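**Q** have a look; sequence and predicted model below, questions after that.
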Amino acid sequence: MQNIPAMGAKNLDRIPLAEWRRTVETVWDMQQAGWEVISRCRTCGLTMLVDLDLVGWTLGPRTSLWNKHPQCRRLGCQGVVDFQAKVPRRGIFEVLAAEWPPGKDPMPTGTATITVAEIIIGPGRIGAECRPCAWKRVLSPAETITTFGLGATLDQVQAGLRRKCPNPECRATVRVGKARRGR
């Protein structure tokens with residue numbers, strides 16, 4: 001006897017990508033849901049895989065890629081890119097374009113609202129880095145919670161780290177955010 005799937009199970013290919021925006025708005029949400037994201041230039045066709053960890057690190061995990069069209073990264077190209085996403089168990093990439101869902105409150109933006117708990121509970125740790133001298137440090141979850149508490153924002157963590165590089169010859173501003181994989 002064959003194993004027949006249950007009736008009523010949704011075929012993910014039949015759900016429009018715009019319907020996903022209600023639950024998968026941010027880079028953080030996309031990472032948690034296992035989405036793949038690419039950028040494709042409208043002018044030259046350059047297609048690149050988007051590193052959601054890097055986007056979350058540089059712009060914050062509450063950054064939204066929906067309806068965003070940054071400039072192409074290919075030298076000499078003046079085009080703009082469309083972000084496209086592929087939902088797990090779906091076969092195609094689709095452009096991240098959809099209106100704001102009705103009845104959903106607008107999201108707060110910026111790193112001041114991202115808490116230690118949001119980063120540690122997800123698959124991440126908090127890291128600090130100084131780009132000029134390449135100094136890096138990943139704070140353990142226990143150290144971060146003990147020192148700053150779960151409700152502390154990234155801005156408060158950065159202020160607690162004195163905002164300056166510990167290297168006496170450098171003293172540049174230290175950036176604080178979600179630590180990237182492998183660091």
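**A** That came in fine, so what should we check first?

**Q** give me the neighbour count for D155.
**A** D155: 15 surrounding residues under other Cβ atoms under 10 Å. The way it works is simple: take the backbone N, C-alpha and C, and place the C-beta from them, glycine included.

**Q** mind checking the SS state of it?
**A** Under DSSP: H, G, I helix; E, B strand; the rest coil, D155 falls in the helix class.

**Q** against F148, how distant is it?
**A** 11 Å (Cβ to Cβ, to the nearest Å).

**Q** check which helix or strand covers V55.
**A** Using DSSP states H and E, V55 falls within helix 52-59.

**Q** how much space separates E25 from I145?
**A** Distance of E25 to I145, given as Cβ to Cβ: 27 Å.

**Q** please, which helix or strand holds the closest residue to M48 other than its chain neighbours?
**A** Distances taken as Cβ to Cβ, 6 or more residues apart in numbering put S39 closest to M48, at 5.3 Å, once the chain neighbours are dropped. Using DSSP H and E, the element containing S39 is strand 36-41.

**Q** can you tell me the strand partners of the following helix or strand past that strand and which way each runs?
**A** Using DSSP H and E, the helix or strand that follows strand 36-41 towards the C-terminus is strand 47-49. Paired strands of strand 47-49, with direction, are strand 36-41 (antiparallel) (DSSP bridges).

**Q** how about the helices in this protein?
**A** Assigned by DSSP state H, the chain shows helices spanning 27-33, 52-59, 116-121, 141-148, 154-160.

**Q** pLDDT weak spots in the protein?
**A** Residues of the chain meeting the criterion pLDDT under 70: 1-13, 101-125, 161-164, 171, 173-183.

**Q** domain boundaries for it, per the record?
**A** 15-95, 111-178 (automatic domain parsing).

**Q** my guess is I38 contacts F83. True?
**A** Yes. Counting by Cβ atoms under 8 Å, F83 is a contact partner of I38 at 7.5 Å.
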